[in-house]
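**Student:** model the structure of this input:
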Amino acid sequence: MKLVTFTYQHHTRVGAVVDDAVIDSFGNAKIPCTMIDFLSAGVAALTAMQALIDSGEHRLALAAIKLHAPIPRPPKYVAIALNYADHIAETGKAQPEYPSFFTKQSTCVIGSGESIEMPKVSDKLDYEGELAFVIGRRCRHVPVEKACEVIAGFMIANDVSVRDWQARSPTMMIGKSFDTCGPLGPWLVTADEILDPHNLSLKTWVDDELRQNSNTSEMLFNCYEMVAYLSQAMTLEVGDVISTGTPSGVGVKMSPRGYLKVGQTVRIAIEGIGELVNTVIAEPTVFYP
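**Tutor:** Numbers count the residues shown, from 1 in each chain. Purely as a prediction, here's the structure:
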């Protein structure tokens, strides 16, 4: 099932994508309006959504709705650094002994089709195509062999990075957390539809130029190992997003630098999921009181 968070006629709710249509759950008491509540409801919500799909009714054209990130404000957004050998090689760094995680603040999250803003304070804006997964059950101390049971589904992430601000702090957090630097989507594909998350083609284009071309089989630490490692330290909650790292081909390591420019479009495709597409615009002038 491809689950989405979307807005239609000023109402935001959860739906499912079938071909070029969205199954509309509006007014269905068995289907919660937010994705976190939907995932928390478990089998009951999934069964109710499947019944809507099977009815052949309650359909809206995909082009008629406003698509959001599947989890518009994740409780936690955790990402791993240096998880593909070819990316480690292009950075010139040593292969890590343990997974190295950093956080992205949830206010950076946007959906497919929304704009990435070029910051007023930097022009060193970069892309990172990644597989991300979402936690579907509150959990702690999860064994590797049980980790698949707590993953609700998978989506595409663009770990957009403001490189000079990233370099200012060992945690990298501020350079990873600028507003609009967290595109997620286009939808959440439930885990039962991804037979092997560790053998998926991953490609990133900037406009028509292929920049990244890899496979999730190249990850050093796989999704289940990440769940096991993180859950030793913290409780993972429904809706937490974990992004699994990027392969080689990032703009900062190109010669000359391949930083993003206003007007360019980043398109990331992952096998079995779809495409995440975002265009770069200049950061608008907004003053807050």
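
**Student:** what's the closest non-adjacent residue to His141?
**Tutor:** Using CB to CB, 6 or more residues apart in numbering and skipping the chain neighbours, the partner closest in space to His141 is Ser231 (5.7 Å). In short, each C-beta sits where N, CA and C put it, glycine included.

**Student:** how many neighbours does Met158 have?
**Tutor:** If you look again at residue 158, you'll see it is Asn, not Met. Per other CB atoms under 10 Å, the neighbour tally for Asn158 reads 28.

**Student:** that older thread, what are the phi and psi angles of the residue nearest to His141?
**Tutor:** Note on Ser231: backbone dihedrals following degrees, to the nearest 10 are phi -70, psi -10.

**Student:** quick one, what contacts it?
**Tutor:** Contact analysis of Ser231 by CB atoms under 8 Å, 6 or more residues apart in numbering lists 139-142.

**Student:** which secondary element of this protein has the worst mean pLDDT?
**Tutor:** Least confident helix or strand, the chain: helix 85-91 with a mean of 91, by mean pLDDT, DSSP states H and E.

**Student:** need the residues that contact that helix.
**Tutor:** 82, 94-95, 214, 218, 220, 245-250, 253.

**Student:** 10 Å - rerun?
**Tutor:** Residues outside helix 85-91 that contact it (CB atoms under 10 Å, 6 or more residues apart in numbering) are 81-82, 84, 93-96, 128, 212, 214, 218-220, 245-250, 252-254.

**Student:** how about the strands of the stretch 101-250 of the chain, start to end?
**Tutor:** Taking DSSP state E, counting those that start in this stretch, the strands of the stretch 101-250 of the chain run over residues 109-110, 116-118, 125-126, 129-135, 151-158, 161-162, 182-190, 201-206, 209-215, 241-243.

**Student:** by contact count, what packs against the last one?
**Tutor:** Contact here means 3 or more CB pairs under 10 Å, 6 or more residues apart in numbering; DSSP states H and E; on that basis strand 241-243 packs against strand 77-81, strand 100-103, strand 129-135, strand 151-158, strand 182-190, helix 223-233.

**Student:** quick one: average pLDDT of that strand?
**Tutor:** For strand 241-243, the per-residue pLDDT values average out at 98.

**Student:** from the opening residue of stretch 203-222 to its closing one, how far?
**Tutor:** Stretch 203-222 has an end-to-end distance of 18 Å (CA to CA, to the nearest Å).

**Student:** show me what counts as buried in that stretch.
**Tutor:** For stretch 203-222, a neighbour-count test (16 or more other CB atoms under 10 Å) marks 203-206, 211-212, 214-216, 218-222 as buried.

**Student:** mind giving me the domain ranges of this protein?
**Tutor:** Domain segmentation of the chain under automatic domain parsing yields 2-67, 77-282.

**Student:** start to end distance for the last one?
**Tutor:** For domain 77-282, the first and last residues are 25 Å from each other (CA to CA).

**Student:** kindly report the same for stretch 65-74.
**Tutor:** Stretch 65-74: ends 22 Å apart by CA to CA.

**Student:** mean confidence score for it?
**Tutor:** In the prediction, stretch 65-74 has an average pLDDT of 98.

**Student:** run the chain-centre distance for it.
**Tutor:** 10 Å (CA atoms, centre = their mean, to the nearest Å).

**Student:** please apply the same query to stretch 129-149.
**Tutor:** Using CA atoms, centre = their mean, the offset of stretch 129-149 from its chain centre is 14 Å.

**Student:** alpha carbons of it, in PDB - could you do that?
**Tutor:** C-alpha atoms of stretch 129-149 as PDB (Å, rounded to 0.1, in the frame of the first residue of the first chain):
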ATOM      1  CA  GLY A 129      19.500  10.800  -2.300                       C
ATOM      2  CA  GLU A 130      18.600   8.300   0.400                       C
ATOM      3  CA  LEU A 131      16.200   5.500   1.400                       C
ATOM      4  CA  ALA A 132      14.300   6.300   4.500                       C
ATOM      5  CA  PHE A 133      12.100   4.200   6.700                       C
ATOM      6  CA  VAL A 134       9.400   4.900   9.300                       C
ATOM      7  CA  ILE A 135       9.000   3.300  12.700                       C
ATOM      8  CA  GLY A 136       5.500   1.700  13.100                       C
ATOM      9  CA  ARG A 137       5.700   0.500  16.700                       C
ATOM     10  CA  ARG A 138       7.000   2.000  19.900                       C
ATOM     11  CA  CYS A 139      10.100  -0.100  20.800                       C
ATOM     12  CA  ARG A 140      13.300  -0.400  22.700                       C
ATOM     13  CA  HIS A 141      16.200  -2.900  22.600                       C
ATOM     14  CA  VAL A 142      15.000  -4.500  19.300                       C
ATOM     15  CA  PRO A 143      17.100  -7.500  18.200                       C
ATOM     16  CA  VAL A 144      18.300  -7.300  14.600                       C
ATOM     17  CA  GLU A 145      16.300 -10.400  13.700                       C
ATOM     18  CA  LYS A 146      13.100  -8.600  15.000                       C
ATOM     19  CA  ALA A 147      13.700  -5.200  13.500                       C
ATOM     20  CA  CYS A 148      11.700  -5.700  10.400                       C
ATOM     21  CA  GLU A 149       8.600  -6.100  12.700                       C
END
